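1. dropping a prediction and its sequence here:
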Amino acid sequence: MKNYAIALIPGDGIGRDVTEAAWAVLEAAARHSGITLNGARFPWSCAFYKDTGMMMPSDGIKTLQTFDAILLGAVGWPTEVPDAVSLHGLLLPIRKEFTQYANIRPHRLLPGVNGPLKATGFDILCIRENTEGEYSGAGGRVHQGTSGEVAVETSVFTRAGVERILRFGFDQARRRRRKLASVTKSNAQKYSMVFWDEITRRVAADYPDVDATSYHVDALAARMVLAPESLDVVVASNLLGDILTDLGAAIQGGLGFAASANVNPDRSAPSMFEPVHGSAPDIADLGIANPIAAIWSGAMMLDHLGEADAAARVMAALEQTTSRGIGTVQGKERTEAITAAVLSSLS
Ligand code: NAD
Ligand code: IPM
Ligand code: MN
């Protein structure tokens, strides 16, 4: 019987609720498919920081390295720990240290979910660069607190980094409708984004069967609302992809429906699966977080592990649940009730 070691990092706020919900569904799906998931829970979070002064222990990355995959809830509790401290202490180092350079975020409506664009219909796969670009962390502040203060934060785009994420996107497009939108702001950012556009053209030449178009991010944002059905795979830099995928979440019914996978395609380190949403302090402890995004992310984890059968069971259960009108409007139903409905739909 196949056995997988999964590191669970529930994190903060609703991250805890949705991780437990996803874990219950994943364990049940694994049983149906004849595999075993062994979960180890790590309490790394803002509460952990308050106790220890660190978001994770100094050997945290080394500990995670031994797992087959990581399932994460959400990180951040800004009233207690500044976001720039908590995210740079846990989520972002995992993405970078494990070279999880492809952040895959699917945007489509589950049956029964009434997004604002339901009449249109769409199926977008956003591929977000996940280890460099605007999130490089290169920069600094000088003359702090004076009127001459300066803050600089440099985006870092490398040929290797841009080329690999584009190739990843083109490979995904080949498995889908063979259309790719490459997103930049090269009319304003004349070095890094012109560089990205050039690499798009070069890589596109290796994929003559894929219809590739470069868009400026402002126009692409409008297109996602006005003509989302015209998009298939969307490839974007770290920050542009971050923003576009909250928009993607909005058109698919809300953040409670948006799943994501932080993938190391070379499999030299574990990949990490987490919903797009954060810790939602405004609804934390109310028991009304929608667990669908986290459960869907768990299905992406099973798929990545090569367990297509178990992944398909989870997606079928989610779709059956929403087609029965359960969990389709976020913030209205109890997390536990939605999870129970998904569990009872598993077969
Ligand atoms: P958020 O995604 O936590 O919440 C935005 C809005 O969406 C809120 O109104 C929230 O109630 C709602 N929402 C989100 N997920 C939901 C769900 N599953 N069900 C129902 N409603 C849901 O974004 P924010 O408020 O900007 O961030 C809160 C904290 O989370 C911050 O510390 C932020 O830095 C962090 N954050 C972490 C991650 C992550 O760990 N991947 C992602 C985004 C934000
Ligand atoms: C996301 C989040 C993170 C990001 C934050 C919390 C650093 O918004 O995963 O979309 O910007 O990558
Ligand atoms: Mn985001």
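-> Looks like it came in fine. Ligands and ions are numbered 1, 2, ... in the order given.

2. mind listing what the closest residue to ligand 2 within the stretch 201-347 of the chain touches?
-> At 4.2 Å from ligand 2, residue 242 is the closest residue in the stretch 201-347 of the chain, using Cβ to the nearest ligand atom. C-beta: built from backbone N, CA, C; applies to glycine. Applying Cβ atoms under 8 Å, 6 or more residues apart in numbering, we find residue 242 in contact with residue 128.

3. next SSE after whatever helix or strand it lives in?
-> Element membership for residue 242, per DSSP states H and E: helix 238-251. Downstream of helix 238-251, the first helix or strand assigned by DSSP H and E is strand 259-263.

4. so is that next one next to ligand 2?
-> No - for strand 259-263, no contact with ligand 2 is found by Cβ under 6 Å from any ligand atom; the gap never falls below 6.8 Å.

5. just the mean pLDDT for the longest helix seen in the chain, thanks.
-> When the chain is parsed with DSSP state H, its longest helix is helix 14-33. Helix 14-33 carries an average pLDDT of 98.

6. pull out the buried positions in it.
-> Neighbour counts using 16 or more other Cβ atoms under 10 Å place 14-30, 33 of helix 14-33 among the buried residues.

7. kindly report the same for stretch 297-311.
-> Judged by neighbour count (16+ other Cβ under 10 Å), stretch 297-311 contains these buried residues: 297, 298, 299, 300, 301, 302, 303, 304, 305, 307, 310, 311.

8. for stretch 261-280, same thing?
-> 261-265, 269-280.

9. which ones are touching the residue of the stretch 101-250 of the chain found nearest ligand 1?
-> Going by Cβ to the nearest ligand atom, ligand 1 is nearest to residue 246 of the stretch 101-250 of the chain, at 7.7 Å. Residues in contact with residue 246 (Cβ under 8 Å, 6+ apart) are 255, 258, 276.

10. got the residues of the protein near ligand 1?
-> 14, 18, 74-76, 78, 83, 87, 91, 255-256, 274, 277-283, 289-290, 293, 330-331.

11. these also near ligand 2: which ones?
-> 87, 91, 278.

12. so what's the first one closest to, chain neighbours aside?
-> With Cβ to Cβ, 6 or more residues apart in numbering as the criterion, residue 87 has its nearest non-adjacent residue at 6.0 Å, and that residue is residue 75.

13. just to revisit the earlier point, quick check: of the contacts of residue 246, which lies closest to residue 131?
-> Comparing those against residue 131 with Cβ to Cβ places residue 276 closest, at 17.4 Å.

14. check that closest one and give its pLDDT.
-> 98.

15. surely it meets residue 256?
-> No - with contacts counted by Cβ atoms under 8 Å, residue 276 stays clear of residue 256, the gap being 9.6 Å.
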